[in-house]
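Peer 1: return a 3D structure for these sequence lines:
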Amino acid sequence: MALMFPTPLPDESIYSLVCRYLRLTFPVKYRASKVLFGHEQAMAGPESLGRSLAYLHEQGGKQFWPRLEDMVRATTAYNLYGIFTRKRDQGYLFKTIASYYPGQRHALYQGFYHPDNKVDCLKFCPECIESDTEEFGVAYWHRSHALPFVFCCWKHDCSLIEVNSGKKNFFLPCKHSNENKNNKSVLKTNQQIAKMSYSILKSANPVWMSRELLCYVMKRELNVKYAQSESVAGDLLQAHIEECHSLDILNKLSLRLYFEQGESRPWVVESLNTATLAHIPEQLLIMVELFGSWKSVKKVCKLLNSRSD
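Peer 2: Here you go, the predicted model:
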C-alpha cells in the first residue's frame, strides 16, 4: 500500500518532504524510519536521511514521480552535482544518491573539492518561511538553500540562516523573527551564485550534459572573449573575478587562490582543465562571468552537442 505523502512543493528537498510526513503521522522516529526506508536506523540524523530513496520511491514516491530518476532529480541536488561530474562517474553518483544517500559523500569526494566536508547543510530563508506559509500553508526546507556554497536566497536576496545539525531539525522551522530577516545588503557574488545554482537545480538537464562538455564550452567562450592563448585568457578572467569580488567572499567560497607556498594559483585554468579536483564554486563563478545565466550555457551546449551527433 502506497504511503500518502504530503504533496511536494516547489524546490522542496527530500529531507523536507520526509519531515512533513514524519510530523503528520509518526511521533516515534524509528517507526517512521522503518516504514519509509525499511530499517530503523535510516533516520539516525539529518546526514543519513534518505538512506534509501529507491525504497522510499516504491513506498510512496511513485504517486508523484513515476520514475525513480524523476524523484532524485526533483528532490536532491543531483541536477547540479551531476553536471559537474565526469561522464563516466555520473551513473555511480546517481546510484549512491538513489540507493545509499550517505554514500554520495564518497562518490562526490572522488571528483570534487569539498574543503568543509559538506555536500549539504540545513539553512533557511526567513522571508521564504512567511511567503511559503502564506502561499502553501506550511513552511518547508528548500533544496536550493541546502547547498554549502549558497549563502543567500535566490528569490528574496536575503541572507540564509544555518541551523546546527541535530534531531530537532527534523521539525520544520517556525515563523522566524531574526535581525537578519530584512537583510537585503547581501553581496552581489552571493546573489549570482544562488541564482545560477537554483537555475541549474530546476532545469531538466539532458543526459549528455557533463563536466567535460561544460569545461569545453567555457574554454571556448573564454578564447572568444579574450582572443588570447588559454593560459593568458584564464589569467585575465581570473584577475577580473578577483577584482570584482571581495576577497572575503572568495575565501568563504573556499576558492583555491594560492598554493601552499603562498604563490598565486591559476585556478581558472586549473578548474577548466580539471587538473585538480573540480570545485563547483569556481566553475559557477566562471560561468557567471562568461555567460551570465544557465540558460545561455545550455544553449551553447545544446548547439555543440547537436553538431557532434
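
Peer 1: just the CA atoms of stretch 146-165, as CSV, please.
Peer 2: These are the backbone C-alpha positions of stretch 146-165, laid out as CSV (Å, rounded to 0.1, in the frame of the first residue of the first chain):
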residue,chain,number,x,y,z
ALA,A,146,21.0,23.4,1.3
LEU,A,147,24.0,23.8,-0.9
PRO,A,148,27.1,24.6,1.2
PHE,A,149,28.3,27.3,-1.2
VAL,A,150,25.0,29.2,-1.3
PHE,A,151,24.6,31.9,1.3
CYS,A,152,21.5,33.9,0.2
CYS,A,153,18.1,33.2,-1.1
TRP,A,154,17.8,33.3,-4.9
LYS,A,155,14.3,34.7,-4.7
HIS,A,156,14.4,37.2,-1.8
ASP,A,157,18.1,38.2,-1.9
CYS,A,158,18.4,37.9,1.8
SER,A,159,21.0,36.0,3.9
LEU,A,160,20.2,32.4,4.7
ILE,A,161,20.3,31.3,8.3
GLU,A,162,22.1,28.0,9.0
VAL,A,163,21.0,25.7,11.8
ASN,A,164,23.1,23.2,13.7
SER,A,165,22.7,19.5,12.9
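
Peer 1: tell me where the model's unsure across this structure.
Peer 2: The chain contains residues with pLDDT under 70 at 1-4, 24-52, 100-104, 117, 164-186, 275, 307-309.

Peer 1: just the strands in the stretch 51-200 of the chain please.
Peer 2: Using DSSP state E, counting those that start in this stretch, the strands of the stretch 51-200 of the chain run over residues 123-124, 161-162.

Peer 1: packed most tightly, which of those would that be?
Peer 2: strand 123-124 (a mean of 22; mean count of other CB atoms under 10 Å). To be clear about C-beta, it is placed using only N, CA and C from the backbone, and glycine gets the same treatment.

Peer 1: before we move on, the earlier item: save the strands of the stretch 51-200 of the chain as JSON lines, and put in distance to residue 203 too.
Peer 2: Listed next are the strands of the stretch 51-200 of the chain as JSON lines, based on distance: least, CB to CB, whole Å:
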{"stretch": "strand 123-124", "distance to residue 203": "21"}
{"stretch": "strand 161-162", "distance to residue 203": "25"}
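
Peer 1: and for the closest residue to residue 288 other than its chain neighbours, the neighbour number?
Peer 2: Nearest-residue entry for residue 288: residue 192, 4.7 Å, with adjacent residues in sequence omitted and distances by CB to CB, 6 or more residues apart in numbering. Number of residues near residue 192 (other CB atoms under 10 Å) recorded here: 20.

Peer 1: residue 192 and residue 62, how far apart?
Peer 2: 37 Å (CB to CB, to the nearest Å).

Peer 1: also residue 239?
Peer 2: 51 Å.

Peer 1: give me the more crowded residue out of those two.
Peer 2: Neighbours were tallied for residue 239 and for residue 62 using other CB under 10 Å; the higher tally belongs to residue 62 (15 against 12).

Peer 1: quick one: contacts for the residue nearest to residue 202 when sequence neighbours are not counted?
Peer 2: Of all residues not flanking residue 202 in the chain, residue 11 sits nearest, at 7.0 Å (CB to CB, 6+ apart). Applying CB atoms under 8 Å, 6 or more residues apart in numbering, we find residue 11 in contact with 142, 143, 144, 198, 201, 202.

Peer 1: is it true that the fourth one touches residue 154?
Peer 2: This points to residue 198. Yes. Taking contacts as CB atoms under 8 Å, residue 198 lies within contact range of residue 154: 4.1 Å.

Peer 1: find residues that contact each of these two.
Peer 2: In terms of CB under 8 Å, 6+ apart, residue 198 and residue 154 are both contacted by the residues residue 144.
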